[in-house]
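In: My questions are about this predicted structure, shown below with the sequence.
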Amino acid sequence: MISFRQSIIAGMIALAGLLSCTGTLLAGSNGTTRVALVQLDSANAGNWGVVAARVAEAKQNGAAFVIFPESSYLGWLNPAAFSEAATVPGAVTETLSKIAMDNEVYIAFGLAERGPAVSPGIYLPYDAGVLIGPDGSIVLHSRKHEVLKNAFNPADCPPGTTDPDGGCSYYQAPVSAIPLAETPLGKTAVLVCADAYTYQTAALDHVKALGVQTIIVVWGVTASQESECGTAGFSAVDYASEAAQYSGALVIGANAVGNRPYGRFLPSLYCGYSGIVAADGTVIGSTAGATGVFVYDVPLATAGAD
């Protein structure tokens, strides 16, 4: 026998198949909230005009939450992170706060954050994520725990930033640097990419123990060639489904598209394939590899449901 909750999910899946990144959408119905996934072109990381335009488009389509990818400021593995990473709070979050208030939405956003100083003007950067509220407040501020070691190009590692084997990395944060906060989606966490993978579960175990109901992920899933995108290991929505089933939480995440010009292991391009997955692993909505704003109605009943 199909439960009331299952019937809601089935209806939302059917609706998600009709949504596009440009279509005119009806407002979220009772018991749902509208979420926009921004598949930002990597070339537009830190381009505030583009960021503001994507948020405005999401708002015009009724979104209450607007989710951006990992490192949407500076770009992932950009060596400028060692000198130009943002302080939180600071200029970057102030800009995001203004955009959020102008559009009366929540904004989840990935950024490089300034960490410990190693020399004048040089810092170890965190790979971080924030959730800004409609009132401009910083609702959540998380730092990535599962950082990829020696991911930066060794030639770009400033003195004092190198690991023992000569490379350099984002600065690893403890899982205690991942908080929860109450939002319209229930007890909510922001995770940065690999912290939501199920083969390294310290971050997922941490938020699960805190009773998380919704996990917002700022993804940075890449492949070496476009033909790999969307296949096993190169799909953000597949990772989201695994994280949802592991944690028992609704998982919402946005991935970038376009070329990754920084760091090791090139060529590399962001795959898109973002998505929203119910706590039981059911895909509520998913995208392919195009840039744009993709909007879905999320049934609140899926958040933290048994």
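Out: That came in fine, so what should we check first? Remember, predicted model here, so these are calculated numbers, not experimental data.

In: got the contact list for the residue nearest to Leu111 when sequence neighbours are not counted?
Out: The spatially closest residue to Leu111, leaving aside those adjacent along the chain, is Tyr73, at 3.9 Å (CB to CB, 6 or more residues apart in numbering). The way it works is simple: take the backbone N, C-alpha and C, and place the C-beta from them, glycine included. Contacts of Tyr73 were listed using CB atoms under 8 Å, 6 or more residues apart in numbering, and they are Ala45, Gly46, Ala86, Val92, Phe109, Gly110, Leu111, Ala112.

In: Student question: in this structure, what's the helix or strand with minimum average pLDDT?
Out: In the chain, no helix or strand scores lower on mean pLDDT, DSSP states H and E than helix 4-16, which sits at a mean of 34.

In: Need the CA coordinates for the next helix or strand after that helix. CSV is fine.
Out: Downstream of helix 4-16, the next assigned helix or strand under DSSP states H and E is strand 32-39. Included here for strand 32-39 are C-alpha records, laid out as CSV according to Å, rounded to 0.1, in the frame of the first residue of the first chain:
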residue,chain,number,x,y,z
THR,A,32,6.7,22.3,-0.2
THR,A,33,9.5,24.8,-0.6
ARG,A,34,11.1,25.7,-3.9
VAL,A,35,14.8,25.2,-4.4
ALA,A,36,17.0,26.4,-7.2
LEU,A,37,20.2,24.6,-8.2
VAL,A,38,22.7,26.9,-10.0
GLN,A,39,25.1,25.1,-12.3
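
In: Tell me the helices and strands packed up against the next helix or strand after strand 32-39.
Out: Downstream of strand 32-39, the first helix or strand assigned by DSSP H and E is helix 48-60. Using 3 or more CB pairs under 8 Å, 6 or more residues apart in numbering; DSSP states H and E, the elements in contact with helix 48-60 are strand 32-39, strand 65-67, helix 91-103, strand 292-299.

In: From the chain's centroid, how far away is the last one?
Out: What that stands for is strand 292-299. 14 Å (CA atoms, centre = their mean, to the nearest Å).

In: now the shortest one
Out: Its chain's average C-alpha position is 9 Å from that of strand 65-67, according to CA atoms, centre = their mean.

In: Spatially central residue in this structure, please.
Out: Ranked by distance to the mean C-alpha position of the chain (CA atoms, centre = their mean), the top residue is Val218 at 1.2 Å.

In: And that residue, how far from Ala236?
Out: For Val218, the distance to Ala236 under the criterion CB to CB, to the nearest Å works out to 10 Å.

In: Please enumerate the shared neighbours of the two.
Out: With CB under 8 Å, 6+ apart applied, the overlap between the contact sets of Val218 and Ala236 consists of Gly253, Ala254.

In: can you pull the contacts of Ala108?
Out: Applying CB under 8 Å, 6+ apart, one finds that Ala108 lies in contact with Phe65, Val66, Ile67, Phe68, Gly129, Val130, Leu131, Ile132, Val190, Ile216, Val218, Ala254.
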